[in-house]
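In: Just the structure for this:
(one chain, ligands or ions: 3)
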Amino acid sequence: MLNTIYSPDALRQLELEQLPAVCAQVREFLLNSVSTGGGHFSSNLGTVELTVALHYAFDTPKDKLVWDVGHQAYPHKILTGRREQMSTIRQKDGLAGFPKRSESEYDTFGVGHSSTSISAALGMALAAQHKGEDYHSVAIIGDGALTAGMAYEAMNHAGDLDANLIVILNDNEMSISPNVGALRKYLTRLLTGRMYSTMRESGKKALSHSKSLSKLAKLTEEHMKGMVLPGTLFEEMGFKYYGPIDGHDVEELVKVLQNLKSIKGPRLLHVLTQKGKGYELAEEDPCTYHGVVPFNLKTGLVASSKKSTPTYTQVFGQWLCDMAEQDSRLVGITPAMREGSGLVAFSERFPERYFDVGIAEQHAVTLAVGLACEGLKPIVAIYSTFLQRAYDQLIHDVAIQNLPVVFAIDRAGLVGADGPTHSGNYDLSFLRCIPNMVVMAPADENECRQMLYTAFQMDCPTAVRYPRGKGIGIEPQTAMQAIPLGKALKLRTGHGIAIVLFGSLLPEAQAAATELNATLVNMRFVKPLDKAMLRELAQSHELLVTLEDNAVMGGAGSAVNEYLHEAGLMVEVLNLGLPDQYIEHAQREEQLVSCGLDAPGIVQRVNAGYGGRIRNGVTLYPVPQYSTN
Ligand SMILES: Cc1ncc(C[n+]2csc(CCOP(=O)(O)OP(=O)(O)O)c2C)c(N)n1
Ligand SMILES: CC(=O)[C@@H](O)[C@H](O)COP(=O)(O)O
Ligand SMILES: [Mg+2]
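Out: Ligands and ions are numbered 1, 2, ... in the order given. Take a look at the predicted model:
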């Protein structure tokens, strides 16, 4: 059947009774395609029935489905004409891992970061009112995503309006790790309470009396009211609350959704799903199977037995435990990224000093400030891309008060398969302009550990930013020693050209320096800059090439330009970094090549500019062209 479903229209031609078979085929397809190519796994297995029901019950794309985060939207892609391209998902020139407006008319809203769906769907619902159009706006949000403030900001607004907004709460009791907070407890109470069973039965009865969809359509508010649990949090916020219902019973889902369409105003349907549904290992351990590399379905994910050097994340995790052992003031904070940020061991060894705050980056930062005010030493472990959410807190709460909060910023620079929504391309630009901040970028794993230690010793806000994955393979030393503030390190002495490196592009810089016989300096600090070193380089070289895995605009290279200008040092400069464009998903190495940040790319751009200047006095720095699809 799946082969004939090229669009939701084709799905809607089927009989309701055929939908369970469609679901089985979508799940089978998912199991094979994600285990073969990698990607988000558990969440997609959990949304199969919900997705089929939504496209069946609603008139998509006229009706708008807005997926929150979008990591659970693979079934949606499969049913909206992209099944045959699913093998390319998250790969260079392939489908994006998240809904993306330019990819399909069914992708109503681009996502990747969480908790935006209710705001966006409300905007669409208000637009419908404004334009006098008649379509439904449906936000599909997970229980994890519902821990973020933005979701409540949107509900608070929506609950006071009469917009045609439907929120589907996809509750699987999991974020990436088990969900946290009072809301989790509240949802559990809703599920386990006596009222739930009573309500569920009455709801089912109401629905089972209806023989056909046309009759179902006539089941209006009165029937649905039988399913209402009065006094819920959502009701108090102005939503009509329905559910909870079984998110794997596709026929029941369709019936309820059909009914929901005829009700007016903001309404919320609570749907229960199981993360990893249909693959036993993922059902048992949805967290491990949240995002997967290719694996054998028969054996499941198998940890490699080869001893390998640690990733930057692991270097951070080890440092955190070591530091916590030495200093009881240390506390660790994560906004819902325990595994990704390397905090599992810390959370187990120091549970009383570990805080998973849910998807609440703003709160994570200001919580750290409160802890710092009272003499504790907070470490905020956060992905660069998610720190963007907490920029005001960083300035207003941390930096203006000059409090010693350490930001361990993971996934800095290009991240690969997750693409532009998750790239950490801007942190150097947005951090270095904040007074009081010290900003460090390690060039290898040991330096990362020593920088974290350095940061921890300081009495001001500090940031250490490091990339996804492994470095050059330097085993961090156990001993920890603070790095002198703002001190760069000369790694190679060459002639004419000096490569001024900020961060992890060390192998590329080393290869290019050798090829060009250039001086190579590891700057280590983006703020404060080693001005003495820059002065010396400017006075002894003809060209300075700054290199960073951050946007060129406003980044570390810009800091060098500003200093040279301010100091009146006349030297030619070539700033290499990420262009003023979004870099599409691909492997990180492919992304670096496409930006001219691999060793041959660096050499080519230096030669083009520098050679041109030497030959005829014309400065020419060609910038590679990037695709902007
Ligand atoms: C702002 C933001 N912070 C963190 C993340 C990382 N993240 C992606 S999915 C996820 C869990 C979401 O849980 P839920 O919404 O319940 O969906 P589920 O994974 O259970 O399907 C997290 C923390 C993100 N995408 N956006
Ligand atoms: C959807 C989301 O935000 C996360 O699942 C993210 O994809 C994790 O990225 P890492 O694989 O880099 O931890
Ligand atoms: Mg969840």
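
In: contacts, neighbours, all on C-alpha from now
Out: Will do.

In: ok, now which ones touch the closest residue to ligand 2 within the stretch 501-629 of the chain?
Out: Residue of the stretch 501-629 of the chain nearest ligand 2, by CA to the nearest ligand atom: Arg588 (11.2 Å). Residues in contact with Arg588, defined by CA atoms under 8 Å, 6 or more residues apart in numbering, are Leu414, Val415, Gly416, Ala417.

In: Where does Ala463 sit: helix, strand or coil?
Out: strand (DSSP: H, G, I helix; E, B strand; the rest coil).

In: should've said Leu281
Out: In terms of secondary structure, Leu281 is helix; the call rests on three-state DSSP.

In: Just grab the bridge partners of the nearest residue to it once chain neighbours are set aside for me.
Out: Distances taken as CA to CA, 6 or more residues apart in numbering place Gly300 nearest to Leu281, at 7.1 Å, with adjacent residues excluded. Note on Gly300: beta-bridge partners Asn296, judged by DSSP bridges.

In: And for the closest residue to ligand 2 within the stretch 51-200 of the chain, the neighbour number?
Out: Minimum separation of the stretch 51-200 of the chain from ligand 2 (CA to the nearest ligand atom) falls at His71, amounting to 5.1 Å. For His71, the neighbour count with other CA atoms under 10 Å is 23.

In: and it, what does it touch?
Out: If you count contacts by CA under 8 Å, 6+ apart, His71 has them with His40, Ser43, Asn44, Gly97, Phe98, Gly112.

In: so which strand or helix has it?
Out: When elements are assigned from DSSP states H and E, His71 belongs to no helix and no strand.

In: same question, Tyr391
Out: helix 391-392.

In: do that helix and ligand 1 meet?
Out: No: no part of helix 391-392 sits near ligand 1 under the criterion CA under 6 Å from any ligand atom; the closest distance found is 12.6 Å.

In: Likewise for stretch 287-304?
Out: No: residues of stretch 287-304 are not located near ligand 1 by CA under 6 Å from any ligand atom, the shortest gap being 6.9 Å.

In: what's the offset of that stretch from the middle of its chain?
Out: Taking CA atoms, centre = their mean, to the nearest Å, one finds the center of stretch 287-304 at 20 Å from the center of the full chain.

In: Would you mind measuring the gap between the ends of it?
Out: Stretch 287-304 stretches 18 Å from its first residue to its last (CA to CA, to the nearest Å).

In: List of residues touching it?
Out: Contact with stretch 287-304 is made by 31-32, 34-43, 176-178, 276, 281-282, as judged by CA under 8 Å, 6+ apart.

In: So is it next to ligand 3?
Out: No: with CA under 5 Å from the ion as the criterion, ligand 3 is not reached by stretch 287-304; the gap is at least 10.4 Å.

In: picking that back up, which one of the contacts of Arg588 sits closest to ligand 2?
Out: Proximity to ligand 2 was ranked across the contacts of Arg588 by CA to the nearest ligand atom; first place goes to Val415, at 6.8 Å.

In: Hmm, Asn425 and the closest one touching each other?
Out: No: Val415 sits out of contact with Asn425 when judged by CA atoms under 8 Å, with a separation of 9.1 Å.

In: Let's verify Gly596: helix, strand, or coil?
Out: Secondary structure state of Gly596, per three-state DSSP, is coil.

In: can you give me the helices for the stretch 451-600 of the chain?
Out: Read by DSSP state H, counting those that start in this stretch, the stretch 451-600 of the chain holds these helices, from start to end of the chain: 506-516, 531-540, 556-567, 588-594, 599-606.

In: I'd say Ser117 and Ser137 touch.
Out: No: proximity of Ser117 to Ser137 does not meet the contact threshold set by CA under 8 Å, at 10.1 Å.

In: Determine the residues that are contacts of both of the two.
Out: The contact sets of Ser117 and Ser137 overlap at Val66 (CA under 8 Å, 6+ apart).

In: neighbouring contacts of stretch 556-567?
Out: 428-429, 502, 526, 529, 531, 534-535, 546-548, 550, 552, 570, 573, 575-576.

In: again with stretch 95-115
Out: Counting contacts by CA under 8 Å, 6+ apart, the residues outside stretch 95-115 that touch it are 39, 60-61, 64-71, 73-74, 80, 85-86, 88-90, 120, 141, 145-146, 148, 150-151, 359, 386, 417-419, 421-422, 585, 629.

In: what mean pLDDT would you report for that stretch?
Out: Confidence for stretch 95-115, expressed as mean pLDDT, is 98.

In: Please spell out which residues along it are buried.
Out: Within stretch 95-115, the residues that count as buried by 16 or more other CA atoms under 10 Å are 95-100, 103, 106-115.

In: One more: stretch 362-380?
Out: When neighbours are counted by 16+ other CA under 10 Å, the buried residues of stretch 362-380 are found to be 362-369, 371-372, 376-380.

In: The residues you listed: which two are farthest apart?
Out: The largest separation in these, counting by CA to CA, is between Gln362 and Leu376 at 18.9 Å.

In: Show me which of the contacts of His71 is closest to ligand 3.
Out: Distance to ligand 3 across the contacts of His71 (CA to the ion) is lowest for Ser43, with 7.6 Å.

In: and the helix or strand containing that closest one, what other elements does it pack with?
Out: Taking DSSP H and E as the definition, one finds Ser43 inside helix 42-46. Counting by 3 or more CA pairs under 8 Å, 6 or more residues apart in numbering; DSSP states H and E, the packing neighbours recorded for helix 42-46 are helix 19-37.

In: mean confidence for the helix it packs on?
Out: Helix 19-37 comes out with an average pLDDT of 98.

In: And for stretch 150-163?
Out: On average, stretch 150-163 scores 97.

In: go on, stretch 303-316?
Out: Predicted confidence along stretch 303-316 averages 90 (mean pLDDT).

In: What of stretch 487-507?
Out: 97.

In: and the residue lying closest to Glu17 once chain neighbours are set aside, what is it in contact with?
Out: Counting by CA to CA, 6+ apart, Glu251 is the residue found nearest to Glu17 once chain neighbours are left out, at 7.2 Å. By CA under 8 Å, 6+ apart, the residues touching Glu251 are Leu16, Glu17, Leu19, Pro20, Ala53.

In: and the residues you listed, which are buried?
Out: Leu16, Leu19, Pro20, Ala53.

In: pLDDT at the nearest residue in space to Gly419 that is not next to it in sequence, what is it?
Out: Closest residue to Gly419 in three dimensions, ignoring its sequence neighbours and counting by CA to CA, 6+ apart: His585, at 3.8 Å. On pLDDT, His585 comes in at 98.
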